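**Student:** Sequence and predicted structure, then a few things I'm wondering about:
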Amino acid sequence: MAGAAFKNTWQEKRAFSNRVAVASAFVLLLLGVLIYRLVQLQSVQHEYFVTRSDENRMRVHPVVGVRGLIFDRNGVVLAENLPAYRLEITPEQSPDLNDTVDRLSQIISITARERERFFARVEASASFDQIPLKLNLDGDDLARFEVNRRQFPGVNVRAGLTRHYPLGEVTAHIVGYVGGITASDLQRVDPERYRGASYIGKTGIERQYEPLLHGDPGSQLIEADALGRRLRQLDYTHPTPGKTLYLTLDAHLQQAAKAAFEGRNGAAVALDVNTGEILAMVSVPSYEPGDFIDGISHKRYAELTEDTSRPLFHRAIQGQYPPGSTIKPIMALAGLESGVFNRRSRVHCPGYYQLPDSTRRHRDWKRRGHGTVDTHEAIAQSCDVYFYDLAHRLEIDRIHDFLEQFGLGSRTGVDIPNETTGLLPSREWKRRVRSENWYPGETLNIGIGQGFMLTTPLQLAEATARVATRGAGARPHLLRQIKDNSSGEVQAVAIEPLPRITLQDASHWDEIHDAMVAVVHGRTGTARRIGEDAAYRIAGKTGTAQVAGLAQEDDEAPQLTDVPYHLRDHALFVAYAPADAPKVAVAVIAEHSGSGGAVASPIARRILDVALGHDNDPGVLPTQP
Amino acid sequence: MNLENNNAAYSGWTRLHLDGPLLALLALLTSIGLFTVYSATGQDMNMVIAQGKRIALGLVALIVVAQCPPEWFRTLTPWAYLAGTVMLIAVLVLGDTSKGAQRWLDLGFVRFQPSELMKFAVPLMVATFLHERRLPPRLIAIALSATIIGIPTVLIAQQPDLGTALLVVSAGGFALYFAALRWRLILGAVALAGAAAPLLWHNMHDYQRRRVMTLLDPSSDPTGAGYHIIQSKIAIGSGGWDGKGWLMGTQARLDFLPEANTDFIFAVFAEEFGLIGVLGLLTVYLLIIARGLYIATRAQDTFSRLVVGSLSLTFFIYLFVNIGMVIGLLPVVGVPLPLVSYGGTSMVSLLASFGLIMSIHTHRKLLSS
């Protein structure tokens, strides 16, 4: 060969084969390293990486359980879930957002604020997110959009559920409302149950029975890509709907009771005397609960809170009023039961009362006096002097201890939040709270339900029910039945009897009962106006609660219209009927309306008429199918 | 041996200047590549067709190159090397900037990476240079070979493209290695490289250092540079023994794996076909390299031996660097999985290099020993 002179071909070829052999070993060694590593990844650590891979691609999305409905005792809807349509735009599917929104606003009204909020959210969201432009589309908007739908790629209408209260103001204080979930709400519930939820009960039944009404979320296992775009559903767990609640309320009665106030402010409660079921509980004025659901506007909220008639205030359980003369039947019972008076005891009423060592005259509402009255007449005519004398003889501690049995001065335990206690004063109370001694003159005021004494309308209704049942009665409550929507099972809420009030002489009940019937049906009764044409017999008691301590020395009682509204007396009336077999107890307070006989008793009569089925205009409310 | 040689000589493959076994293995590998690209691109048929066209173009290049006698390449090599070096200088002076590094040269009608040419021109140049010389090379020959390798390496490292620079060094180095460079010199060079490592580290760009740091601890930067490695390991590891099935790999399909159809396509394959599939794929690669090394041993002159040997080993190094990077053994450098990754330049140039191997194998003179 030509190059043989300086190249040893054979030797070179042998050396080359040698190098190939070493290179092969080198290749096999490095491949071994790769395979070792691959076995580690794919076999030894396989489970770990499967988990990591699943974590990458799977997202769990909560599916909200439908909130339970609320019905009245007859199946009238008080709270329901209505479809709400919202307009959403997916930016990546919509070519020119500004143009799209401009064109949409030609067929649907879109406010500047909605527009602004939408574009703010577009900035903060992924391009494949569905961003709401307008919430709660009405039917016309919806129809106009559907017709033009093809011109709007990337624009969708999404159906959701929102809470609706068909009776609005009529049941607002009882049913309450739901609202957006805040951080403080989440502290009182299990946040796990609220994943994906938008509403939580804020007041009333909605808040009280939140754990029952709220449905448990289900979940949706979604496969998502690296950008978070949802691709398909891998698994689905059904949510559990909330429980349906049936209240003790009679929506028709509730409506009638509210209407009976004819624009006055006040409160009324109607109880089933035997079961404690609240048939109606009205507080007027009221408010529209729907305004609160998706966040009330500052303006609207300011209007509600600055309104001097306080529409948000639930007078029936939070309002604390002097019971006035409505306390007299129980006071008289205390007198009989303690032996201070018996049924034949008589008191002379000259139109005023003077304590033995005092010159101060405690006036009777009737300037000329009632003459000589016994217990029966004292109640029927509402003679103040009789009760001044009785209270003086009983003294404050005996009064306190006896009245306490009727639930005055403590919460009734009704099943909605924010009930107040009222005030049943005693020597001990005054020392503790005011660091003062009790004066005998103060006892006289307590005798006619004035002075320190304060009661809520619900307490008055409960006390009246206890008189009506002669010491029996049950805890006032609003929830009647709970329906589990998964099993279809209906569970009745147990009646909770109150500790029985036993008298040493049960005939004292009859004495008081007869006197209360005489208030309505007697010749001299203070509420005889409502008894005249009643188809059934009513036992009742009027009351007029002084708001401001008018000078006792004035010779003439001022005319109602001469006094500024906020200083006028409250008109009260408590009653139960039918008198001989009591079913319903009622307490009515009409604020700043003058005398109980004139104003409050007709409202009570109207409520009793409807409650007992003596209503000429039953009205029609939609009920559950 | 002679008998076998004669059989080969008269077989149809030889007359076509092609190597049957190698061609079959290349066809198998590129087909696997097409299926994997289809899955990695989210079942994008257009990309599969584009890749198919590149394979076809590469096969044409392979066939054309195989027809040319090896002597032509020996003659052409110095000119190619010279042109490549000039273009590397041109790139540094006026090249396009892509991803922070100047690598592309815009020739008006085509954008071209001169460093890609040098991956082949350098070992060929070393082989040409050593062809007529006595082996093992003497010191002066070694020094000149080192210069041949060094000039383009430094130019490429300046771009900066450290990955390609290292591949060019290895390709040239393999030629020297097969030229029976003495072991003590090889060991000395390796020791020198080890000693120079801190110096290299000092001269690295920040992003290059970050890649190395990320390799050592991917969790140090899980959303940035570490993301690639973390997601790729999840893809491979979750594949397990038998894989999730073709088109069923969630990491690639749902875009968690970046560059799934190019540099990280191995992770897609490993996720969908599991360890069993991976071992099969590595076997195909191993057979191609084995066939290359076998052809090298049968070559009849120095140039042919050095060229085929170094091309075969370089092919393995591409494979090793790519898989090493994807499984988190090596830093992230832009090296595709040879003949499988989506992309044009490397597909065509690699198939052409196999054409050269076939040319060398089928243009042997029929000698009896």
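**Tutor:** On my side now, so go ahead. Here the structure is a predicted model, which means the values were calculated and not measured.
**Student:** so which strand or helix has residue A:348?
**Tutor:** In this structure, residue A:348 sits in strand A:346-349 according to DSSP states H and E.
**Student:** List the buried residues in that strand.
**Tutor:** Neighbour-count burial for strand A:346-349 flags A:347, A:349 (criterion: 16 or more other CB atoms under 10 Å in any protein chain shown). Just so you know, the C-beta spots here come from the backbone N, C-alpha and C atoms, and that holds for glycine as well.
**Student:** Using PDB, list the CA coordinates for it.
**Tutor:** Extracted in PDB, the C-alpha atoms of strand A:346-349 (Å, rounded to 0.1, in the frame of the first residue of the first chain):
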ATOM      1  CA  ARG A 346    -113.800  46.300  97.900                       C
ATOM      2  CA  VAL A 347    -111.800  49.500  97.400                       C
ATOM      3  CA  HIS A 348    -113.100  53.000  97.200                       C
ATOM      4  CA  CYS A 349    -111.800  54.900  94.300                       C
END
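**Student:** Give the partner strands of that strand in its sheet and their orientations.
**Tutor:** Paired strands of strand A:346-349, with direction, are strand A:371-374 (antiparallel) (DSSP bridges).
**Student:** Can you mark which positions in the partner strand are buried?
**Tutor:** A:373, A:374.
**Student:** Any chance you could list what contacts it?
**Tutor:** Contacting residues not belonging to strand A:371-374 are listed as A:343, A:344, A:345, A:346, A:347, A:348, A:349, A:381, A:383, A:386 [CB atoms under 8 Å, 6 or more residues apart in numbering or on different chains].
**Student:** Just the element for the last one, please.
**Tutor:** Read that as residue A:386. If you go by DSSP H and E, residue A:386 is part of helix A:384-394.
**Student:** Show me what secondary structure element comes after that helix.
**Tutor:** Next helix or strand after helix A:384-394 toward the C-terminus (DSSP H and E): helix A:396-404.
**Student:** List the contacts of the nearest residue to residue A:273 once chain neighbours are set aside.
**Tutor:** Spatial nearest neighbour of residue A:273, excluding adjacent residues (CB to CB, 6 or more residues apart in numbering or on different chains): residue A:465 at 4.1 Å. Contact analysis of residue A:465 by CB under 8 Å, 6+ apart lists A:271, A:273, A:276, A:473, A:576, A:582, A:585.
**Student:** Residue A:465 and residue A:302: what is the separation?
**Tutor:** Using CB to CB, to the nearest Å, we find residue A:465 at a distance of 39 Å from residue A:302.
**Student:** Kindly report the same for residue A:611.
**Tutor:** Residue A:611 is 37 Å from residue A:302, where distance means CB to CB.
**Student:** swap in residue B:269?
**Tutor:** Per CB to CB, residue B:269 is found 67 Å from residue A:302.
**Student:** Comparing those two, which residue is more hemmed in?
**Tutor:** residue B:269 (30 against 11; other CB atoms under 10 Å in any protein chain shown).
**Student:** So the more buried one is in contact with residue B:278, correct?
**Tutor:** Yes. Between residue B:269 and residue B:278 there is a contact under CB atoms under 8 Å: 7.0 Å.
**Student:** just to revisit the earlier point, top of the contacts of residue A:465 by neighbour count?
**Tutor:** Going by other CB under 10 Å, residue A:585 tops those with 34 neighbours.
**Student:** Could you pick out the residues of the stretch 151-300 of chain A near chain B for me?
**Tutor:** Listed as neighbours of chain B in the stretch 151-300 of chain A under the rule CB under 8 Å from any CB of the partner chain: A:223, A:224, A:225, A:226, A:227, A:231.
**Student:** Most neighbours of all these, which one?
**Tutor:** That'd be residue A:223 among these, by other CB under 10 Å, with 19 neighbours.
**Student:** Let me know whether that residue touches residue A:234 as I believe.
**Tutor:** Yes. Counting by CB under 8 Å, residue A:223 touches residue A:234, with 5.5 Å between them.
**Student:** okay, and the common contacts of the two?
**Tutor:** By CB under 8 Å, 6+ apart, the residues touching both residue A:223 and residue A:234 are residue A:58.
**Student:** For the stretch 351-500 of chain A, which segments count as helices?
**Tutor:** Ranges of helices in the stretch 351-500 of chain A, per DSSP state H, counting those that start in this stretch, are A:375-380, A:384-394, A:396-404, A:427-429, A:440-447, A:457-468.
**Student:** what would those helices look like in TSV with mean pLDDT?
**Tutor:** Converted to TSV, the helices of the stretch 351-500 of chain A look like this (pLDDT from 0 to 100):
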stretch	mean pLDDT
helix A:375-380	93
helix A:384-394	95
helix A:396-404	95
helix A:427-429	94
helix A:440-447	92
helix A:457-468	97
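**Student:** Which stretch among those is buried most, on average?
**Tutor:** helix A:457-468 (a mean of 29; mean count of other CB atoms under 10 Å in any protein chain shown).
**Student:** quick one: it to helix A:396-404, angle?
**Tutor:** Helix A:457-468 and helix A:396-404 are oriented at 90 degrees to each other (axes from the mean of the first three to the mean of the last three CA atoms, to 10 degrees).
**Student:** so how many other residues sit close to residue A:583?
**Tutor:** Counted with other CB under 10 Å, residue A:583 comes out at 18.
**Student:** Please identify which helix or strand holds the closest residue in space to residue B:345 that isn't next to it in sequence.
**Tutor:** Spatial nearest neighbour of residue B:345, excluding adjacent residues (CB to CB, 6+ apart): residue B:116 at 5.0 Å. Residue B:116 is located in helix B:114-131, with elements delineated by DSSP H and E.
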